[in-house]
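Trainee: Starting from these lines, generate the structure:
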Amino acid sequence: MKIGDLVTFTPESWGTPIEDRPLYIVVRVPYETSTRVSFGTLVDIMLPGDPDTLSTSPDTLEVVNENW
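Mentor: Okay, the predicted model is just below:
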């Protein structure tokens, strides 16, 4: 997974077919976070045209444009 990849949530994490899941753009590659509550690797993603980002585990995402 790299910056600019198109990703969607995995079927296990979203629960719907791929055509019903939104496509996101990776804007920050996996990074470590550490707080008193949690520790883990996160990826920042955003919907095209939306200024807000979402942080999630890379394990919940699948890349849909592997060949570019």
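Trainee: since we're on Glu19, how many residues are nearby?
Mentor: Neighbour count for Glu19, taken as other Cβ atoms under 10 Å: 6. From N, CA and C alone the C-beta is placed, and that goes for glycine too.
Trainee: Leu23 too?
Mentor: The tally of other residues near Leu23 (other Cβ under 10 Å) stands at 13.
Trainee: In contact with it, which residues?
Mentor: Leu6, Val7, Thr8, Leu47, Pro48, Val64 (Cβ atoms under 8 Å, 6 or more residues apart in numbering).
Trainee: who does the worst-scoring helix or strand of the chain on mean pLDDT touch, helix- and strand-wise?
Mentor: Least confident helix or strand, the chain: strand 24-34 with a mean of 80, by mean pLDDT, DSSP states H and E. Counting contacts by 3 or more Cβ pairs under 8 Å, 6 or more residues apart in numbering; DSSP states H and E, strand 24-34 is packed against strand 6-9, strand 39-46.
Trainee: Return the most buried member of those.
Mentor: Among the helices and strands packed on strand 24-34, strand 6-9 has the highest mean neighbour count (mean count of other Cβ atoms under 10 Å), at a mean of 19.
Trainee: now what about that strand, what contacts it?
Mentor: Strand 6-9 is touched from outside by 1, 14, 18, 21-26, 43, 45, 56, 60-65, with contacts defined as Cβ under 8 Å, 6+ apart.
Trainee: what about Asp52, neighbour count?
Mentor: Using other Cβ under 10 Å, Asp52 has 6 neighbouring residues.
Trainee: which one is it nearest to, not counting chain neighbours?
Mentor: Leaving aside its chain neighbours, Asp52 sits nearest to Met46 (6.6 Å; criterion: Cβ to Cβ, 6 or more residues apart in numbering).
Trainee: Quick check: closest non-adjacent residue to Val7.
Mentor: Leu61 (4.5 Å).
Trainee: Correct me if wrong: the one you found contacts Trp14.
Mentor: No. Using Cβ atoms under 8 Å, Leu61 is not in contact with Trp14; the gap is 9.8 Å.
Trainee: who has more neighbours, the two?
Mentor: Leu61 (20 against 16).
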